[in-house]
Structure formats: structure tokens, C-alpha cells
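S.K.: pasting the sequence and the predicted model now:
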Amino acid sequence: MLDLLTFLLLILPAYVANAVPVLLGGGAPIDLGKNFIDKKRIFGENKTIRGFFAGLFSGLLVGDVLALFHPIIPPFQHVLSAFFLSFGTMFGDLLGSFIKRRIGSKPGSYAFFDSFLFILFALLFAYPFLPEEIYSYPYLLFIFILTFLLHITSNFIANKLGWKNVPW
């Protein structure tokens, strides 16, 4: 059975990939200002090319560092899990924005999409590379509760620091 620290270190690349775009994003929107067939923006202004790649590479970097200094699983597997956790995070984040634009919600609303889709897709994309026990009920319940609480807390702090316009 994985101890809590090992479990958190294994999924840390997803959390880093999700947080870094707030700090390093900006610039051109990833949808290049284009609209979908429903005449609404595909993802919106807050999803940027720089933010996507900053999230992807920062999560991968964290995974690489963990593979060197705290190897939990074989190093190459660690790097692959970090990449797919990070890519799944960015995919889930974009999917959440896509859905929110379709239903007409504003950026920052519907925390479900922001907090659950990123971790869901991170875990799905990294499934072949992470220990199977991470996908057991107690770990999944813990990660979804933790993710929701971290999402609310980090957004509140980022709002107070002026990094995000929305408090949740």
C-alpha cells in the first residue's frame, strides 16, 4: 500500500501543471480567438498557448526531478507518468473550458469543471504508468476531495494576490 507522501508525490505533476498557467500564462489564446460552430469562443481568452505549454513542461519537470531524487517507480515510467499526468491535466482543463463556453458560463464559474476534469483526465491519461492501487476507491475519493479543496483554496489566494479575477 502506498503511503500518503508517495501517493501525493506521484500525482504532484498534475497539480503543478494545473497551477503554473495562472503564473506563467498569458499571451495568445490557444483557440486563436476563433469561435466554434455555435458562434461561441472555443476555449476563451484565459486559455493561452503559453499557459498550456508552461503547464505541460512544468509538470514534466517536476516529474523528472522526482524521478531523480525520490524514485518511486522506475525512472522512465516516472517520466512517462509525469508527461501524461501533465498532458491529461491540460486536456481536462481545456475540455472544462470548452464545456463552460457551450453552456454560457463565465470563466471561473462551475468549479466542478475546473477541479474535477483536470484530475480525472490526468489520471486517465497516466493510467498505464502509475501504480494500480492509485485507482482504488479510497485513493480516488481522497484525490477528488483534495483536488476540490485545493482548487477553492488556491483560487481564493490567487484572487487575493491579483493573479486571478475570480475568487473560486
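M.R.: Yep, it's here. Computed from a predicted model, the values in this text were never measured in an experiment. Numbers count the residues shown, from 1 in each chain.
S.K.: show the average pLDDT along the longest helix along the chain.
M.R.: In the chain, assigned by DSSP state H, the helix with the most residues is helix 75-102. Across helix 75-102, the average pLDDT comes to 93.
S.K.: ok, and for the helix or strand hosting residue 15, which residues are buried?
M.R.: Under the criterion of DSSP states H and E, residue 15 resides in helix 4-24. Of the residues in helix 4-24, 7, 9-22, 24 count as buried by neighbour count, 16 or more other Cβ atoms under 10 Å. For every residue, glycine as well, the C-beta is placed using N, CA and C.
S.K.: centre of the chain to the next helix or strand after the longest helix of the chain, how far?
M.R.: Next in sequence after helix 75-102, counting helices and strands by DSSP H and E, comes helix 111-126. Relative to its chain's centre, helix 111-126 lies at 7 Å (Cα atoms, centre = their mean, to the nearest Å).
S.K.: now the angle between helix 75-102 and helix 111-126, please.
M.R.: Orientation of helix 111-126 against helix 75-102 (axes from the mean of the first three to the mean of the last three Cα atoms, to 10 degrees) gives an angle of 150 degrees.
S.K.: which SSE is immediately downstream of helix 111-126?
M.R.: Trace forward from helix 111-126 with DSSP H and E and the next one is helix 137-160.
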